[in-house]
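Chemist: Give me a model of this one.
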Amino acid sequence: MIAAQHCVTSALQILLRDQPLSKGKVSLAWSAAVGRTIDRATSVSLGQEGTLRVRADDRHWAREVGRSSALITSRVNRLLGNGIVTRIEVTTSGPR
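Modeler: Sure thing, here's the model as predicted:
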């Protein structure tokens, strides 16, 4: 038996593979990689040289993203393509 999460990731990989790199593709990959809760507390953009810029609502979410950045990078690259994201840069938009 295959877990539903693996089926969804595989389906997204196939759907995104031949699509051009765009803001929407990056946002979808981010959402799938981090889940609904972190996605709601952040916004992302892909900068030059593979830097994924993450803007977190507060320091709590910035810390969580920073702590999990290696895993998140791996998951996002699985959907966007190997080596697209080389690092994650996290900033906050508010206190906490």
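Chemist: tell me, which helix in this protein spans the most residues?
Modeler: The longest helix of the chain (DSSP state H) is helix 4-17.
Chemist: and the next element down the chain from it?
Modeler: helix 23-34 (DSSP states H and E).
Chemist: Toward the C-terminus, what is the element adjacent to that following helix?
Modeler: For helix 23-34, the succeeding helix or strand toward the C-terminus, using DSSP H and E, is helix 36-40.
Chemist: relative to helix 23-34, how tilted is the following helix or strand past that following helix?
Modeler: Using DSSP H and E, the next helix or strand after helix 36-40 towards the C-terminus is strand 42-46. Note on geometry: by axes from the mean of the first three to the mean of the last three CA atoms, to 10 degrees, strand 42-46 and helix 23-34 are set 130 degrees apart in direction.
Chemist: which secondary structure elements does whatever helix or strand comes next after strand 42-46 contact?
Modeler: Sequence-wise, the next helix or strand downstream of strand 42-46 (DSSP H and E) is strand 51-56. Judged by 3 or more CB pairs under 8 Å, 6 or more residues apart in numbering; DSSP states H and E, strand 51-56 is in contact with strand 42-46, helix 59-67, strand 87-92. C-beta here means a position set from N, CA and C on the backbone, and glycine is covered the same way.
Chemist: Give me the helices and strands touching the following helix or strand past the longest one, please.
Modeler: Using DSSP H and E, the next helix or strand after helix 59-67 towards the C-terminus is helix 69-80. With contacts defined as 3+ CB pairs under 8 Å, 6+ apart, the secondary structure elements packing on helix 69-80 are helix 4-17, helix 23-34, strand 87-92.
Chemist: Only the buried residues of the first one, if you could.
Modeler: When burial is assessed from 16 or more other CB atoms under 10 Å, helix 4-17 yields the following buried residues: 9, 12, 16.
Chemist: Who does E89 form a beta bridge with?
Modeler: Bridge pairing for E89 (DSSP bridges) gives the partners R53.
Chemist: List the contacts of it.
Modeler: By CB atoms under 8 Å, 6 or more residues apart in numbering, the residues touching E89 are 47, 51-54.
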